[in-house]
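Enquirer: Fold the following.
(chains A and B)
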Amino acid sequence: DTEVTQTPKHLVMGMTNKKSLKCEQHMGHRAMYWYKQKAKKPPELMFVYSYEKLSINESVPSRFSPECPNSSLLNLHLHALQPEDSALYLCASSQNPGDRNTIYFGEGSWLTVV
Amino acid sequence: GQNIDQPTEMTATEGAIVQINCTYQTSGFNGLFWYQQHAGEAPTFLSYNVLDGLEEKGRFSSFLSRSKGYSYLLLKELQMKDSASYLCAVPPSGGSYIPTFGRGTSLIVHP
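Expert: Below is the predicted model:
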């Protein structure tokens, strides 16, 4: 199983809503990542979790709140988002933090903020 | 930090060979990744180069010159399904191997 599963695939939310994006992997990977990708732009790193602890936060606004309940799960809690936050949110994982091998991406969650 | 440059768009003919170039500047080098991303899909790993030279994987090859800060991805026997964005990624310095991506090259393969 080399899958990273993300739910929901599509999410529409208002600026006052609270919602969450979920990510799951069962490959035993100890590093998990959130990337944000706008149309026709490359993915931008948001957060990195290493052994279930937040190791990198790329100066992401606090309206995005990551959570790693266990080594297989990674959530991204969303609150008071802005329309410009509409994007594809990609979860990824790798065997180890600092692993020079493959990072596996999920299919992403398309977020629209209205 | 790092600076990555690659062409925005390229076109090629089915069955041909295409070379996608990437130049980078980084204060510390931890290798270079190439990813493929089809429209509306997640990026998929193609290659990782940390030593100079050419690495071949079937129809795809990746080349690295560390002294020149230069890499290319070579695609042979192009197929229509190769139409995608090709992302060059260089981890930042500081011992991290986490790829941060260049803007990507959109490759269009036509019959």
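Enquirer: Please count neighbours and contacts with C-alpha atoms only from this point.
Expert: Noted.
Enquirer: So in terms of bridging, what pairs with residue A:111?
Expert: Partner residues in beta bridges with residue A:111: residue A:11, residue A:87, with DSSP bridges as the criterion.
Enquirer: Distance of it relative to chain B?
Expert: When CA to the nearest CA, to the nearest Å is applied, the distance between residue A:111 and chain B equals 13 Å.
Enquirer: OK, contacts around that residue?
Expert: Residues in contact with residue A:111 (CA atoms under 8 Å, 6 or more residues apart in numbering or on different chains) are A:10, A:11, A:12, A:13, A:85, A:86, A:87, A:88, A:89.
Enquirer: The residue most central in space within chain A bridge partners, please.
Expert: Averaging the C-alpha coordinates of chain A gives a centre point, and the residue nearest to it by CA atoms, centre = their mean is residue A:34 (3.0 Å). Beta bridges link residue A:34 to residue A:47, residue A:91 when assigned by DSSP bridges.
Enquirer: Return the residues in contact with it.
Expert: Neighbours of residue A:34 in contact, by CA under 8 Å, 6+ apart: A:45, A:46, A:47, A:48, A:89, A:90, A:91, A:92.
Enquirer: Would you check how far apart the closest residue to residue A:51 other than its chain neighbours and residue A:65 are?
Expert: Nearest in space to residue A:51, with sequence neighbours left out and distances taken as CA to CA, 6 or more residues apart in numbering or on different chains, is residue A:30 at 5.1 Å. Taking CA to CA, to the nearest Å as the measure, residue A:30 and residue A:65 are separated by 19 Å.
Enquirer: can you check residue B:108 too?
Expert: The span separating residue B:108 from residue A:65 equals 37 Å under the rule CA to CA.
Enquirer: who has more neighbours, the two?
Expert: residue B:108 (17 against 14; other CA atoms under 10 Å in any protein chain shown).
Enquirer: Residue B:11 is in contact with that one, correct?
Expert: Yes. Using CA atoms under 8 Å, residue B:108 makes contact with residue B:11 at a distance of 4.7 Å.
Enquirer: Any quick PyMOL command for the buried ones out of the contacts of residue A:111?
Expert: Per 16 or more other CA atoms under 10 Å in any protein chain shown, the buried members of the contacts of residue A:111 correspond to this PyMOL selection:
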select buried, chain A and resi 13+85+86+87+88+89
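Enquirer: need the contacts of residue A:111 in CSV with pLDDT, can you?
Expert: Written out in CSV, the entries for the contacts of residue A:111 read as follows (pLDDT from 0 to 100):
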residue, pLDDT
A:10, 96
A:11, 96
A:12, 96
A:13, 95
A:85, 97
A:86, 97
A:87, 96
A:88, 95
A:89, 97
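Enquirer: If we only consider the contacts of residue A:111, which is nearest to residue A:25?
Expert: Here the nearest of the contacts of residue A:111 to residue A:25, counting by CA to CA, is residue A:89; it sits at 15.8 Å.
Enquirer: excluding its backbone neighbours, what's nearest the closest one?
Expert: Closest residue in space to residue A:89, ignoring its immediate chain neighbours: residue A:36 at 4.6 Å, by CA to CA, 6+ apart.
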